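K.L.:
My questions concern the predicted model and sequence given below.
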Amino acid sequence: MATLSVELNRYFFEDEREETVTLSDILSLAGERIFGFLLLILSLPSALPVPAPGYSIPFGILIFLLAIQLIGGAKIPWLPSKMMNGSMKTDTARKFVKMGLPWLMKIEAITKPRLTYICTSIPGKLIIGIAIALMAISMMIPIPGTNTAPAMGIFVTSFGLQEDDGFITLAGLTICLLAGIVSTSIIIAFIWGGSSIIDLIKENLK
């Protein structure tokens with residue numbers, strides 16, 4: 001099967017498309033990689049270092065639902081038909097894909113099946129599911145700084161999951177851990193005042 005970057009490039013930039021595209025349309029590319037593929041696609045807009053207003057919360061909800069199913073050992077993911085058939089302008093989707101393709105190709109260049117038990121074993125999927133669920137919750141919190149890093153963690157973790165690459169998955173889980181620490185400090189600073197980890201880093205760099 002072709003790599004994800006090749007599939008996405010063909011789908012959005014080589015083939016003719018309608019003015020809008022649905023999640024179920026894009027899933028036609030997934031094949032057997034549907035869990036990792038879904039998580040990748042849903043985390044991509046928020047993982048990019050550009051504003052993605054309006055996407056973090058609904059996509060975070062979908063990612064959370066998928067993470068719960070991953071924890072429960074589901075083989076085939078389920079999402080409400082309303083969400084599966086929700087549409088996005090094709091031009092908007094193309095912009096996200098265009099920005100994400102260079103990152104995808106860089107990860108694909110170093111990806112290969114290794115430490116596969118991390119991605120395929122029950123304990124491995126449990127840990128991955130819990131980490132992704134926590135990051136999805138962070139994505140849904142409408143506080144600046146709690147969206148992008150968690151989405152990046154989901155993106156990298158999901159890529160490893162899709163390719164059965166435990167090394168990449170571990171790297172993604174590490175990003176999730178760091179993102180969780182940063183997001184927690186931001187939330188605490190927002191609610192109770194004080195400085196977040198990001199604020200402290202900025203002060204030390206001055």
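P.N.:
Cool, got the structure. Because the structure is predicted, anything quoted here is derived from the model rather than measured. Numbers count the residues shown, from 1 in each chain.
K.L.:
Now the helix ranked longest in the chain: buried residues?
P.N.:
Using DSSP state H to define each element, the chain has its longest helix at helix 166-192. Using 16 or more other C-beta atoms under 10 Å as the test for burial, helix 166-192 gives 166, 168-173, 175-176, 179-180, 182-183, 185-187, 189. Any C-beta I mention is one placed from the backbone N, CA and C, and that applies to glycine too.
K.L.:
Ok, stretch 110-127 next?
P.N.:
111, 115, 118-119, 124-125, 127.
K.L.:
got it, and stretch 85-100?
P.N.:
In stretch 85-100, residues buried by neighbour count (16+ other C-beta under 10 Å) are 88, 93-94, 96-97, 100.
K.L.:
how close does the residue minimising distance to the centre of the chain sit to residue 155?
P.N.:
Closest to where the C-alpha atoms of the chain average out (C-alpha atoms, centre = their mean) is residue 43, at 2.8 Å. In this view, residue 43 and residue 155 are 4 Å apart by C-beta to C-beta, to the nearest Å.
K.L.:
again, but for residue 48
P.N.:
9 Å.
K.L.:
And the two? Which one has more around it.
P.N.:
Between residue 48 and residue 155, residue 155 has the larger neighbour count (other C-beta atoms under 10 Å), namely 25 against 18.
K.L.:
from the buried residues of stretch 110-127, which is closest to residue 70?
P.N.:
Residue 70 has its nearest neighbour among those in residue 125, at 5.6 Å by C-beta to C-beta.
K.L.:
That closest one looks like it's in a strand, true?
P.N.:
No. Counting by DSSP: H, G, I helix; E, B strand; the rest coil, residue 125 is not found in a strand; it is helix.
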